[in-house]
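1. Curious how this folds, go ahead:
(one chain, ligands or ions: 1)
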Amino acid sequence: MRRVLVVGIGAGDPEHLTLQGVRAIGRADAFLVLDKGEAKADLVDLRRALVAEHGRAGARWLEGRDPDRARVREGYPGAVQDWRRARAQVTADLLRQVGEDETAALLVWGDPSLFDSTLAILEQVEDVPFDVEVVPGISSVSALCAQHRIPLNRVGRPVVVTTGRRLAEGWPEGVDDVVVMLDAHGAYEGLEGVDVWWGAYVGTPDEVLVQGRLPEAAAAIRAAHDEARARKGWIMDTYLLRRGG
Ligand SMILES: C[S@@+](CC[C@H](N)C(=O)[O-])C[C@H]1O[C@@H](n2cnc3c(N)ncnc32)[C@H](O)[C@@H]1O
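-> Reported below is the predicted structural model:
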């Protein structure tokens, strides 16, 4: 049976890779990559560097074009389903190029359990039998807390991890500590009396960190965000919000 290793590679620092991740990369006969296009070439480049350093000689690099996700708000859950189906199709085509007694690896940004669709996509792959093994990775949330030198939660208190889109709909019920990911529109704008720890490209040479209290810190975050985005053409940022501190 084909084996598929889903390997968390960390949030951008090559040294985030765990020993388990290093060994998994060394076991792979082929690496499957869904290329997201030129704008995010850095994301592919890190994977290539990790394979060059830890991969087995002669391991193959199998690339498929990542289908574009329909960027419509209306019918959002349906759009995600369609996108996952299209990605499952591309993944199945790549897996057909892997022998039945071979091991393939998918190198997943951060940790595969957190806002990543790889495992859901593999669930949807039909007609190509395989076993799955998951190697956890350092998430952008862990990396953010480490770089700001803060704990994620306060003693005995819950934390919600959510998206910018959800936060824009309102502060989550029952929590005072919120991690925000996938925020395209600055959902922190308009919040008051909230401490914020913000980071972009955390763990990479482009890392930018801002810490402060909202609303005063919003201008600094917005300026850092817009400058970095204009320079690189894309941005990945995450932040922790804490109220009542
Ligand atoms: C599709 S999710 C992937 C999350 C990933 N699986 C993880 O464990 O961090 C992409 C989001 O992760 C966050 N992210 C990933 N890498 C990051 C980094 N190096 N710095 C800041 N945020 C990052 C951003 O919020 C980005 O929009």
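2. Pull the contacting residues for the residue of the chain found nearest the ligand.
-> Going by C-beta to the nearest ligand atom, the ligand is nearest to G110 of the chain, at 2.1 Å. Where C-beta positions appear, they are placed from N, C-alpha and C, glycine not excepted. Counting by C-beta atoms under 8 Å, 6 or more residues apart in numbering, G110 touches 8-11, 116, 137-140, 143.
3. Could you list the domains of this structure?
-> Here the domain assignment for the chain is 2-138, 141-243, based on automatic domain parsing.
4. any idea which of these scores lowest on pLDDT?
-> Mean pLDDT per stretch puts domain 2-138 lowest among those, at a mean of 89.
5. Quick check: end-to-end length of that domain?
-> Terminal residues of domain 2-138 lie 26 Å apart, using C-alpha to C-alpha, to the nearest Å.
6. quick one on the thing from earlier: out of everything not next to it in sequence, what's closest to the residue of the chain closest to the ligand?
-> In this structure, G110 finds its nearest non-sequential neighbour in S139, 4.4 Å apart by C-beta to C-beta, 6 or more residues apart in numbering.
7. contacting residues for the one you found?
-> By C-beta under 8 Å, 6+ apart, S139 lies in contact with 8, 11, 110-111, 114.
8. Quick check: residues of this protein near the ligand?
-> Taking C-beta under 6 Å from any ligand atom as the contact definition, the chain meets the ligand at 11-12, 109-111, 114-116, 139-140, 181-182, 199-204, 236-238.
9. make it 8 Å
-> Within the chain, the positions lying close to the ligand (C-beta under 8 Å from any ligand atom) are 8, 11-12, 108-117, 137-141, 143-144, 180-183, 199-204, 207, 236-238.
10. Just the buried residues of those residues.
-> Neighbour counting by 16 or more other C-beta atoms under 10 Å classes 8, 11-12, 108-112, 114-117, 137-141, 143-144, 180-181, 183, 199-204, 207, 236-238 among those as buried.
11. Contacts for stretch 208-222, please.
-> Contacting residues not belonging to stretch 208-222 are listed as 147-148, 186, 188-202, 224, 228, 239, 241 [C-beta under 8 Å, 6+ apart].
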